[in-house]
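Colleague: Take a look and give me a structure for this.
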Amino acid sequence: MSTTERPRILVVGGGYVGLYAARRILKKMRYAEATVTVVDPRSYMTYQPFLPEAAAGSISPRHVVVPLRRVLPKAEVLTGRVTTIDQDRKVALVEPLVGESYELPFDYLVVALGAVSRTFPIPGLAEHGIGMKGVEEAIGLRNHVLEQLDKADSTTDEDVRRKALTFVFVGGGFAGAETIGEVEDMARDAAKYYTNVKREDMRFILVDAADKILPEVGPELGTWGLEHLRERGIEVYLSTSMTSCVDKHVVLANGLEVDASTIVWTAGVKPNPALAKYGLPLGPRGHVDTAPTLQVQGTDYIWSAGDNAQVPDLASGPGAWCPPNAQHALRQAKVLGDNVVSGMRGFPQKEYSHPNKGAVAGLGLHKGVALIRFGKLKLKFKGRLAWYMHRGYHGMAVPTFNRKIRVLADWTLAMFLKREVVSLGAIENPREEFYEAARPVPAAAVKAEAAKAKAS
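Modeller: Residues are numbered from 1 along each chain as shown. Now for the predicted structure:
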């Protein structure tokens, strides 16, 4: 970390907003006008809309993440966490990956911590649930599902087999519907290579507390998506919830009970709880309360945007808030970056306003829904065309030209090559085999083996 007397712009969080805001600030600043420092526990940004495809093997996991140091070569990138912020002294306490915490002074602050999975105190969820917020979870889910097929194909125990082939997904929004659609597609393809496993043997269950799925695309397309999933043999239970999953025994509020080897939790998100330690004004659900300029209420040197912020939606009218999606995050980050530079120079701030352009969702290979808005005109698409629109939009939205090309290459190769269906379950504990080979043999075991050899 360099020492400098230049003003420091501290960006807390290297996710979508943090990355794009830092890039914008660096682009708009004059040479050596300020130091931009980005602090995040990970050294990369994850493009979350691609996680379902990464879980299904349609995109390489490495192409879903963007290395911060490579994309922000002119910024300081610190791998760690900002645990507290002293606004009076303008100092942040940074907890690095290793070593003691230290204070980092700043002049301007950008809070972009994003969101975490919204969970409930359901017995067994913490022990057995799989989230879908990070690329690690997407890789883990893919390996886990394929490993269950391996187990089912090789066992003679019918109870073990039935449990291995039962997959429960909780949450019917974009993340849940897209993930179950992609994973079911992958499992269907993989079953072709197993002697004792067929798609008919698998049981996919989608659960949501609401009375519909995919609310972001409207009731008509949401109903079509629901019917489409059911046509593929996926059981969908609406207006219900999971009450327990102790020992992977899933109990739903509607009375259904089933043993499931796979429990995926995608039931919404909430602002990062670390915000509570920053002393910032928060909304009723824990979001940072911001003005339309993305400045935190009551301050002139702190900005926030994205999933952890409560941003007024000027395009929708009074009392409306911007939904937490990539469409708003990208545009908010650009306005935020401009405003930080303007604030540093003493210029007026620009208000953020962006009308909703619609939403797209993929439900597996060649299947999707799309709602496109042109003013008051709404265009609705479903099936293959909507799937092309889904890929087209996110292919353009993924950060950096490098990643766009890599993702496009993955999609192009998939048109001519069959999907990879190999499980790398050992990746969860990569040192286990080496440990077994290298660990010292207890002296008692050595003596017993020697005595046995002498006796024979």
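Colleague: residue ranges of the helices in the stretch 101-250 of the chain, please?
Modeller: 125-128, 135-154, 158-164, 174-190, 218-231 (DSSP state H, counting those that start in this stretch).
Colleague: mind putting those in TSV, mean pLDDT included?
Modeller: What follows is those, written out as TSV (pLDDT from 0 to 100):
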stretch	mean pLDDT
helix 125-128	94
helix 135-154	93
helix 158-164	96
helix 174-190	95
helix 218-231	95
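Colleague: Present the ones you listed as a markdown table; the columns should include mean neighbour count and distance to residue 45.
Modeller: Placement of C-beta: from N, CA and C, glycine included. Formatted as a markdown table, these follow (neighbours: other C-beta atoms under 10 Å; distance: least, C-beta to C-beta, whole Å):
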| stretch | mean neighbour count | distance to residue 45 |
| --- | --- | --- |
| helix 125-128 | 14 | 26 |
| helix 135-154 | 20 | 10 |
| helix 158-164 | 16 | 35 |
| helix 174-190 | 24 | 18 |
| helix 218-231 | 17 | 29 |
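Colleague: now the ones you listed in TSV, with distance to residue 274?
Modeller: Shown next, in TSV, are those (distance: least, C-beta to C-beta, whole Å):
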stretch	distance to residue 274
helix 125-128	19
helix 135-154	19
helix 158-164	37
helix 174-190	22
helix 218-231	33
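Colleague: Can you check which of the ones you listed gets nearest to residue 397?
Modeller: Residue 397 lies closest to helix 174-190 among the helices of the stretch 101-250 of the chain, at 14.1 Å (C-beta to C-beta).
Colleague: Against which helices or strands is the closest one packed?
Modeller: Here helix 174-190 touches helix 51-56, helix 135-154, strand 166-170, strand 203-207, helix 218-231, strand 262-265, strand 358-362, going by 3 or more C-beta pairs under 8 Å, 6 or more residues apart in numbering; DSSP states H and E.
Colleague: Take these and write them to JSON lines, including distance to residue 347.
Modeller: Formatted as JSON lines, those follow (distance: least, C-beta to C-beta, whole Å):
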{"stretch": "helix 51-56", "distance to residue 347": "38"}
{"stretch": "helix 135-154", "distance to residue 347": "38"}
{"stretch": "strand 166-170", "distance to residue 347": "47"}
{"stretch": "strand 203-207", "distance to residue 347": "50"}
{"stretch": "helix 218-231", "distance to residue 347": "40"}
{"stretch": "strand 262-265", "distance to residue 347": "45"}
{"stretch": "strand 358-362", "distance to residue 347": "33"}
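Colleague: Which among the ones you listed is found nearest to residue 291?
Modeller: Proximity to residue 291 (C-beta to C-beta) singles out strand 358-362 among the helices and strands packed on helix 174-190, at 26.2 Å.
Colleague: Could you pull out the buried residues of the next helix or strand after the closest one?
Modeller: Note on strand 358-362: by DSSP states H and E, the next helix or strand toward the C-terminus is strand 368-374. Neighbour-count burial for strand 368-374, counted by 16 or more other C-beta atoms under 10 Å, picks out 368, 369, 370, 371, 372.
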